[in-house]
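Trainee: Predicted model follows, preceded by the sequence.
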Amino acid sequence: MPFDTIDYVVDGHTATITLNRPDALNALSPHMITELRAAYDEAENDDKVWLLIVTGAGRAFCTGADVKAIPGDGKVINKRPYLSSYEQWEAPQEGTPPFRTMTKPVLTAVNGVCCGAGLDWVTTGDIVIASDRASFFDPHVSIGLVAGREVVRLARVLPRTVALRMALMGKHERMSVQRAYELGMITEVVEHDRLLERAHEIAGIVNSNAPLAVRGTRLAIVKGLNIPLHEAEMLAESFRERVTRTEDALEGPKAFIEKRTPDWQCR
């Protein structure tokens, strides 16, 4: 599928989405959002793809919504009649991967400036790494807008006071990549020129594991965060039971006993 505002490349079991509007600092236009949703759907439904990397082209990862595309009244743009679809009843997701419903893990590789809606990939990504040139902030209050889901998610990733500081300082203060690492918002700082290489190294390691076990583990953690601990334990156990019925669940122990690399079939 050809795209205008993103690049989509599949290499082995890894699909890489590159936000590709560098002149606009990869700001999210309505067309770009449509293309991202199509790419997520393609990756999720492609049996060859086991993991998805998201990164950006140029000096920015993503600077949020394209301000030029925001109507003067600040209302969300809808292609279909108002409130005619479930999506319109939800909080706007813009570029956010459908992390609540997709099974395949997302690795976010932040290559530069990341702010506003760009933070959604940081707060919903499964593994997040960043270039040593990356920085983070939320500009909403500085342009007269309420910071919505972006900082609500941040407050579940960062300490409350840190999230509030970022939200209320707006564009006037940026969080350094080192500070983001120290607070656990990202998991690794990478030399800028090695960012994508390192992302693919991590993807290769994840993809060397049993893909269905990876997905079940991811779902157990993501879905378990929203329910009490005991219920989360039971949910995780139900995913474990399902995966024991697969061919890969037999292949893993067999390969271990035979001292060879497992041949995962993803079934």
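Mentor: Perfect, I can see it now.
Trainee: contacting residues around stretch 204-215?
Mentor: 12-14, 50-51, 103-105, 107, 127, 243, 246, 248-249, 251-252, 262, 264, 266-267 (CB atoms under 8 Å, 6 or more residues apart in numbering). Yep, even glycine has a C-beta here, placed from its N, CA and C like the rest.
Trainee: quick one: I129 is in a strand?
Mentor: Yes. Assessed by DSSP: H, G, I helix; E, B strand; the rest coil, I129 belongs to a strand.
Trainee: Can you show me the helices along the stretch 151-267 of the chain?
Mentor: Assigned by DSSP state H, counting those that start in this stretch, the stretch 151-267 of the chain shows helices spanning 160-169, 177-182, 195-207, 211-224, 229-243, 247-257.
Trainee: same for the helix or strand harbouring T34, what does it pack against?
Mentor: Element membership of T34, judged by DSSP states H and E, is helix 30-45. Judged by 3 or more CB pairs under 8 Å, 6 or more residues apart in numbering; DSSP states H and E, the packing partners of helix 30-45 are strand 6-11, strand 14-19.
Trainee: Out of the ones you listed, the one nearest A43 is which?
Mentor: With CB to CB, the closest approach to A43 among the helices and strands packed on helix 30-45 belongs to strand 14-19: 4.4 Å.
Trainee: quick one, what contacts G224?
Mentor: Shown in contact with G224 (CB under 8 Å, 6+ apart): 231-233, 235-236.
Trainee: Just send those back as TSV, with distance to A69 and neighbour count too.
Mentor: Output for the contacts of G224, formatted as TSV (distance: CB to CB, whole Å; neighbours: other CB atoms under 10 Å):
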residue	distance to A69	neighbour count
E231	41	12
A232	39	16
E233	44	12
L235	39	15
A236	41	17
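Trainee: out of those, who's nearest R198?
Mentor: Set against R198, the nearest of these by CB to CB is A236 (29.4 Å).
Trainee: How much space separates the closest one from R218?
Mentor: With distances taken as CB to CB, to the nearest Å, A236 is found 11 Å from R218.
Trainee: Please apply the same query to E237.
Mentor: E237 is 15 Å from R218, by CB to CB.
Trainee: Looking at these two, which is more packed in?
Mentor: Higher neighbour count among E237 and R218: R218, with 19 against 11, using other CB atoms under 10 Å.
Trainee: Let me see the confidence value for that one.
Mentor: R218 carries a pLDDT value of 97.
Trainee: okay, now the nearest residue to it once chain neighbours are set aside: neighbour count?
Mentor: Of all residues not flanking R218 in the chain, P105 sits nearest, at 5.3 Å (CB to CB, 6 or more residues apart in numbering). If you count neighbours by other CB under 10 Å, P105 ends up with 23.
Trainee: No more questions from me, cheers.
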